[in-house]
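>>> Prediction below, plus the sequence it came from.
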Amino acid sequence: MDFLTGGLLIALAVCLVGFVLRVRRWLHGRAPISSGAHEPPTRATCPKKTDDNDRRRRGIFRYVSAFSLDVLFQAHLARASVTRWIMHFLLFAGFVGLLLMHAMDGVFSYAVLPSYEPTLDPYQWLRNLFGVMVLLGVGAAAYRRFTITGLKRTTRRDDWFALAIIAGIVLSGFLLESAKIVSERVYERMVADYFASDDAAELAGLRMVWEEEYGVVFSESAPQPLSDAVDMSREELLALGREVNDFVCVSCHSDTASAFVSYPVSRALIPVAPVLDGAGGVNALWYLHVLFCFAGIVYLPFGKMAHVFLTPLNLLVQPTRPRPERGGDIQACGGDDSETMRAIGVDACMHCGMCSEHCSVAASYAVLGTKDILPSEKLSSLKRAKTEGLEDADAFIFAEGSFICTECHRCTDVCPARIDLQDLWISSKRALAAGERGGRGEPHRQIARYTAGQWAARFAGGKLHATVPEEVARPVMLADSPQTFWACVQCTTCTNVCPVVAAAEDPVLELDLTPQQIMNMLRMGLKDHVLGARMVWSCVTCYKCQEHCPQGVRVADTLFELRNIATARLRHEAMHGAAGDPDNKQGDGA
Ligand code: SF4
Ligand code: SF4
Ligand code: SF4
Ligand code: SF4
């Protein structure tokens, strides 16, 4: 067995094992998203379970529409961002083109395309085009990661590694093709294989043609000693060489200049071509290219590149999943949540960062610095929690990010992989609230241990202040500024339109303070007295108060800012000191 076959078999075997392990994980969900409601055999059938004919018919239609619109044309991505769609299309179409017309040409191109040869036009030109498309896609992805602030934050080593492997495959391929164009050895091997002639004049003429028209670089400029063996002028030899070339070579070789990337690169290689050829440069580049490809295959099921298969899979299975009303439960499998569908969704994330760019509470990240506030990062933590478990500090950050989420649905609406993020957030919050690891980080829980008055005493009494470092007690723009409240006329409009107040049977008992009361206390400089009010923690950031305020007071923005300030203080205390732990009565200022 040669190196290529052996290496390919090993790489494919590793790849297969990787995907089998993934499927196994889908069937054995772990905390914090597993309810353990189903045994694996039942869960394996969840995605395709339907309970009536109508739903089944709709299921088939949804499969067809999901495959054509979302998988092939990536319509969901186009709706979210045309620029990203173009970038994705370049990567996807370019790579598929190279796969069919290069890596798998033995099984596809030779069988399907008329007179296919990799060095024949239009295929030679097309292969260069596909390579350029992939490189443009990689370049655009890297550029976005360097320049877009949100993405810079969320880009991981895994993303760069995937881009580096793809770029490595294509660049080494271009370099290999260029080295082949200039290689005398490759030329000699072709002549030996396909032109078994000992006619010195024909050999000399052919050599001249390949030097002048195909770009081969020979170690000696004149075709010695062949030209000495015949009594013909250079023009006559060239004419004879063209005849031979037309007869033997043209059916497999078009003008190398149509390889519009490799040919210019080959011109740049001319000064080093003889040395490169003599040192086995073509062989070395072939090994490099093949190793990059093997690395890509091995890495496929374990890293970001897995989304090439998993995102389409999710796009296919999610639309067939019965949809609840917003905020309701998904009854996908015998009335219980489908763990398998969730696990597929988690794995389908391509870490594009679009959800984080649109997240309603992303602004909190700027204040708190908790990375799991951003949905793309929260999903990564969820994935790690499933596979390897979270360290204490990471579990805390995950819990904090989870409970700051307002379930606004924006991330789910924009996700190009159509991951049902809402369902993931709700189920993981349930698991956390039920006391699984990380639940202690929930700020709502900590707040509920004391009344607003007790918290006010703690905040105002300086007990927590004393241990809050400078970077946590950072300057605040709204709650500390008189300009925020000077226009408030205490008309109570904000309170009257607030759905949270409306939902409370007794707002004073359930929420401590109403929005209008909070605005009034802030106006009086009593910021510390409102940080523990449950209104601050129950606000759903619907912005009705702010939209209806006749005086243009930024009520919702201010409440949101207060929540962030209180969270920063609580988190600092819970992670670094006992004073803020409500269970620790030593630090109790109440
Ligand atoms: S969850 Fe969706 S939008 Fe968010 S990073 Fe993953 S694929 Fe992108
Ligand atoms: S549902 Fe949560 S994570 Fe998603 S956009 Fe809204 S606040 Fe952000
Ligand atoms: S914040 Fe606006 S709506 Fe609320 S009490 Fe003041 S003026 Fe009225
Ligand atoms: S943003 Fe908060 S305080 Fe304002 S109306 Fe909505 S829930 Fe009430």
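Alright, I've got the coordinates. Ligands and ions are numbered 1, 2, ... in the order given.

>>> Residue 317 and ligand 4, how far apart?
In this structure, residue 317 and ligand 4 are separated by 35 Å, where distance is defined by CB to the nearest ligand atom, to the nearest Å. For glycine as for every other residue, the C-beta is placed from the backbone atoms N, C-alpha and C.

>>> Please, which helix or strand holds that residue?
Using DSSP states H and E, residue 317 sits in helix 307-317.

>>> right, and the helix or strand after that helix?
Following the chain from helix 307-317 toward its C-terminal end, the next helix or strand by DSSP H and E is helix 339-348.

>>> After that following helix, which helix or strand is next? Please name it.
Downstream of helix 339-348, the first helix or strand assigned by DSSP H and E is helix 354-358.

>>> what about that next one, near ligand 1?
Yes: Helix 354-358 lies within reach of ligand 1 by CB under 6 Å from any ligand atom, at 354, 355.

>>> Mind listing what's buried along the helix holding residue 317?
307, 310, 311, 312, 313, 314, 315, 316, 317 (16 or more other CB atoms under 10 Å).

>>> Same check on stretch 182-200?
Of the residues in stretch 182-200, those with enough neighbours to count as buried (16+ other CB under 10 Å) are 182, 183, 184, 187, 190, 191, 195, 200.

>>> How about stretch 243-259?
Applying a neighbour-count criterion of 16+ other CB under 10 Å, the buried positions in stretch 243-259 are 244, 245, 248, 249, 253, 254, 256, 257, 258, 259.

>>> I'd say residue 421 and residue 413 touch.
No: shown here, residue 421 and residue 413 do not form a contact pair, counting by CB atoms under 8 Å, at 9.3 Å.

>>> Quick check: mean pLDDT of stretch 91-101?
Per-residue pLDDT values across stretch 91-101 average out to 89.

>>> Excluding its own residues, what touches it? List them.
Contacts of stretch 91-101 from elsewhere in the structure, counted by CB atoms under 8 Å, 6 or more residues apart in numbering, are 74, 108-109, 113, 118, 123, 126-127, 129-134, 136-138, 141, 166, 170, 173.

>>> centre of the chain versus it, how much separation?
Shown here is stretch 91-101, whose average C-alpha point lies 19 Å from the average C-alpha point of the whole chain (CA atoms, centre = their mean, to the nearest Å).

>>> buried sites along it?
Going through stretch 91-101 with 16+ other CB under 10 Å, the ones that come out buried are 91, 92, 94, 95, 97, 98, 100, 101.

>>> would TSV of the residues you listed with distance to residue 511 be doable?
Converted to TSV, the buried residues of stretch 91-101 look like this (distance: CB to CB, whole Å):
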residue	distance to residue 511
91	50
92	50
94	56
95	54
97	60
98	60
100	62
101	65
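
>>> Just the buried residues of the contacts of stretch 91-101.
Neighbour counting by 16+ other CB under 10 Å classes 74, 109, 113, 118, 123, 126-127, 129-134, 137-138, 141, 166, 170, 173 among these as buried.

>>> and the host helix or strand of residue 8, what other elements does it pack with?
Counting by DSSP H and E, the element that carries residue 8 is helix 3-27. For helix 3-27, the packing partners by 3 or more CB pairs under 8 Å, 6 or more residues apart in numbering; DSSP states H and E come out as helix 40-44, helix 281-299, helix 339-348.

>>> tell me which residues in that helix are buried?
By neighbour count, with 16+ other CB under 10 Å as the criterion, the buried positions of helix 3-27 are 7, 8, 11, 14, 15, 18, 19, 22, 25, 26, 27.

>>> cool, stretch 231-238 as well?
Of the residues in stretch 231-238, 232, 237, 238 count as buried by neighbour count, 16+ other CB under 10 Å.

>>> what's the burial count for residue 107?
Using other CB atoms under 10 Å, the number of residues around residue 107 comes to 10.

>>> From what I see, residue 141 and residue 163 are in contact.
Yes: under the criterion of CB under 8 Å, residue 141 makes contact with residue 163 at 5.9 Å.

>>> ok, residue 371 - contacts?
Here residue 371 is in contact with 153, 365, 377, 397, 401 (criterion: CB under 8 Å, 6+ apart).
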